[in-house]
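Participant: Below are the sequence and a predicted model; questions follow.
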Amino acid sequence: MTRQAKSDFSVRGKQSGLTLVELMVGAALGLLVVLAVVYVFAGSRASYRHQESFSAVQESGRIALELLTRDIRMAGFPGCGNLLYMDHRSSGDALPANARFGNEVAIAGDPTQVTVVRGSAESANLVASPASNQIQLDNIALLGTVTAGDRLLVSDCVFTEVLTVAAVAGNAVTAAGALSRQYRPGSRVMRLEQVAFTRSAQGELLRNGQAIAAGLDALSFQFGIPGPGSRSVTNYLDAPTALQMQSVVAVRLNMTVTDREVSQMPFSTTVTLRNRAP
């Protein structure tokens with residue numbers, strides 16, 4: 001046997017495997033590494049879920065506030081002018097309680113819901129009044145599809161009036177009854193819009209019955225009443241009387257939104273009515 005062969009045999013004879021203790025230590029270290037990775041992953045996943053829920057709550061609150069603010073601010077919008085200086089001629093119209101134009105604010109509500117009445121943002125110009133119950137518009141298509149039974153608001157910045165459509169022929173609109181006066185050319189004609197906000201039993205914010213935001217735990221309204229001879233709010237009431245509702249100048253809304261990963265988050269804002277701002 002050569003010296004080289006003896007050397008290789010000697011080296012192989014001295015090799016040995018891992019001991020049980022070494023295997024256990026290695027397994028323990030490996031398990032610790034796996035646990036650390038799982039812990040970090042679980043923490044990251046929980047943080048992601050929380051952040052996602054937090055964003056969802058903020059988005060629901062933002063959407064709800066945006067829509068509520070936009071619609072409430074426009075309560076009683078007659079197309080032009082200031083309500084305090086306008087004469088509304090449709091006191092007998094079937095509108096929500098206390099929802100009138102003229103010297104009354106076109107909003108009705110209680111601590112848990114609110115209804116806004118206003119003229120639409122889209123309008124057409126009146127070009128002629130061929131008869132006491134008829135008006136001619138420049139482009140009725142600006143108001144969308146107008147059919148019998150729809151209600152329109154006519155305003156010349158001095159007088160306003162609601163008419164119920166009986167018939168439409170081209171740009172000519174025939175009302176169900178005679179108007180109280182002949183409106184001059186250039187008067188604005190709008191749709192009469194009614195927007196109701198409430199909270200469903202499932203915690204959704206409903207706008208005219210359609211869900212627009214979810215996760216509402218609570219929704220409440222307070223109505224700002226000005227002092228005598230003033231247009232600045234001196235007191236917010238949960239349930240104003242019918243007489244007090246006529247002088248509301250602002251609405252304070254409060255709501256809480258929640259999600260499975262986020263505790264309740266409060267949202268609140270105060271909306272000054274456009275036509276009654278100081």
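Facilitator: Cool, the structure landed.
Participant: Quick check: V33 is in a helix.
Facilitator: Yes - using DSSP: H, G, I helix; E, B strand; the rest coil, the secondary structure at V33 is a helix.
Participant: For it, give me its contacts.
Facilitator: Under the criterion of C-beta atoms under 8 Å, 6 or more residues apart in numbering, V33 has no neighbours. The way it works is simple: take the backbone N, C-alpha and C, and place the C-beta from them, glycine included.
Participant: what about it, distance to I135?
Facilitator: In this structure, V33 and I135 are separated by 81 Å, where distance is defined by C-beta to C-beta, to the nearest Å.
Participant: Likewise for F221?
Facilitator: Per C-beta to C-beta, F221 is found 36 Å from I135.
Participant: same check, this time on S120
Facilitator: On the measure of C-beta to C-beta, S120 and I135 end up 16 Å apart.
Participant: Between the two, point out the one with more neighbours.
Facilitator: Each of S120 and I135 has its neighbours counted (other C-beta atoms under 10 Å); I135 has more, 25 against 18.
Participant: what about the residue positioned nearest the centre of the chain, which SS state?
Facilitator: In the chain, the centroid-proximal residue (C-alpha atoms, centre = their mean) is L67; its distance is 2.6 Å. Reduced to three states with three-state DSSP, the structure at L67 is helix.
Participant: remind me which residues of this protein are low pLDDT?
Facilitator: Per-residue confidence for the chain (pLDDT under 70) gives these ranges: 1-18, 48, 50, 80-111, 261-262, 278.
Participant: For stretch 219-228, give me every contacting residue.
Facilitator: When contacts are taken as C-beta under 8 Å, 6+ apart, the neighbours of stretch 219-228 outside the stretch itself are 109-114, 197-199, 205, 232-238, 240, 244-245, 247-255, 270.
Participant: What about these, which are in helices?
Facilitator: Q244, M245 (DSSP state H).
Participant: can you pull the contacts of V34?
Facilitator: For V34, no contacting residues are found, by C-beta under 8 Å, 6+ apart.
Participant: State the distance from the residue nearest to T234 when sequence neighbours are not counted to R276.
Facilitator: Take T234 and drop its neighbours on the chain: the residue closest to it by C-beta to C-beta, 6 or more residues apart in numbering is G227, 4.1 Å away. G227 sits at a distance of 14 Å from R276 (criterion: C-beta to C-beta).
Participant: ok, these two, which is more surrounded?
Facilitator: Set side by side, G227 and R276 show more neighbours around R276, with 20 against 10, by other C-beta under 10 Å.
Participant: Touching, the more buried one and Q246? I think so.
Facilitator: No - taking contact to mean C-beta atoms under 8 Å, the distance of 10.8 Å between R276 and Q246 leaves them out of contact.
Participant: Report the contact partners of F77.
Facilitator: Applying C-beta under 8 Å, 6+ apart, we find F77 in contact with A106, R118, G119, R274, N275.
Participant: Sorry, wrong one. I was asking about A178.
Facilitator: When contacts are counted by C-beta under 8 Å, 6+ apart, A178 touches S132, N133.
Participant: Checking my notes, it in a helix, right?
Facilitator: No - the secondary structure assignment for A178 gives coil rather than a helix, going by three-state DSSP.
Participant: Give me the distance between it and V146.
Facilitator: Counting by C-beta to C-beta, the gap between A178 and V146 amounts to 19 Å.
Participant: How about N133?
Facilitator: Looking at N133 against V146, where the rule is C-beta to C-beta, the gap reads 15 Å.
Participant: Tell me which stretches of this structure form helices.
Facilitator: Along the chain, counting by DSSP H, helices occupy 3-14, 20-73, 242-245.
Participant: Kindly reformat those as CSV containing distance to P266.
Facilitator: Formatted as CSV, those follow (distance: least, C-beta to C-beta, whole Å):
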stretch, distance to P266
helix 3-14, 75
helix 20-73, 9
helix 242-245, 26
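Participant: Of those helices, which is nearest S263?
Facilitator: When the helices of the chain are ranked by proximity to S263, the top entry is helix 20-73, at 9.3 Å, counting by C-beta to C-beta.
Participant: Distance of V40 relative to R49?
Facilitator: Distance, V40 to R49, by C-beta to C-beta: 15 Å.
Participant: Looking at the two, which one has more neighbours?
Facilitator: Ranked by neighbour count (other C-beta under 10 Å), V40 and R49 place R49 first, with 14 against 10.
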